[in-house]
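**Q** Provided below are the primary sequence and the corresponding predicted coordinates.
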Amino acid sequence: MADTLSTTLAALADPTRRAILARLAQGEASVNELAEPFDMTLAAVSKHIKVLEGAGLVSRGRQAQWRPCKLEAAPMRDVAAMVEFYRRFWEQNLDQLDAYLTRLQTPENKTKN
């Protein structure tokens with residue numbers, strides 16, 4: 001069984017699913033409403049929604065005959081934490097590179113070359 005982060009990243013890998021999530025960030029929507037901007041069948045959009053549900057990124061409610069989809073952003077916290085870890089890593093490494101290049105540019109180092 002895949003870990004939660006891997007499942008979330010796999011769900012987010014598809015641009016259609018990211019677009020669906022962006023729409024749901026504006027509020028709940030039906031599958032028909034979510035399908036409107038896409039040139040694909042309702043069944044194809046439903047498959048994308050099922051993947052998002054499986055990753056815990058979307059839930060479906062029930063209001064009489066209407067089954068609205070809702071964004072569940074909690075799984076993205078793990079993604080944000082991972083991205084933040086690597087952002088700090090690269091920022092630190094780039095700062096070290098900048099310091100090294102600055103040292104190379106000092107007058108005493110220029111005359112040695």
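**A** Cool, got the structure. Note that this is a predicted model, so its numbers are computed, not measured.

**Q** ok but Lys47 is inside a helix, no?
**A** Yes - checked against DSSP: H, G, I helix; E, B strand; the rest coil, Lys47 lies within a helix.

**Q** What's the local residue count around the closest residue in space to Gly61 that isn't next to it in sequence?
**A** Nearest residue to Gly61 in three dimensions, chain neighbours excluded: Pro68, at 5.1 Å (CB to CB, 6 or more residues apart in numbering). C-beta: built from backbone N, CA, C; applies to glycine. Pro68 has 17 neighbours, counted by other CB atoms under 10 Å.

**Q** What residues sit buried inside the one helix or strand Ser6 maps to?
**A** Element membership of Ser6, judged by DSSP states H and E, is helix 4-12. Neighbour counts over helix 4-12 (16 or more other CB atoms under 10 Å) mark Thr7, Thr8, Leu9, Ala11, Leu12 as buried.

**Q** Does the first one touch Ala55 like I think?
**A** Yes - in this structure, Thr7 sits in contact with Ala55. The criterion is CB atoms under 8 Å, and the distance is 4.8 Å.
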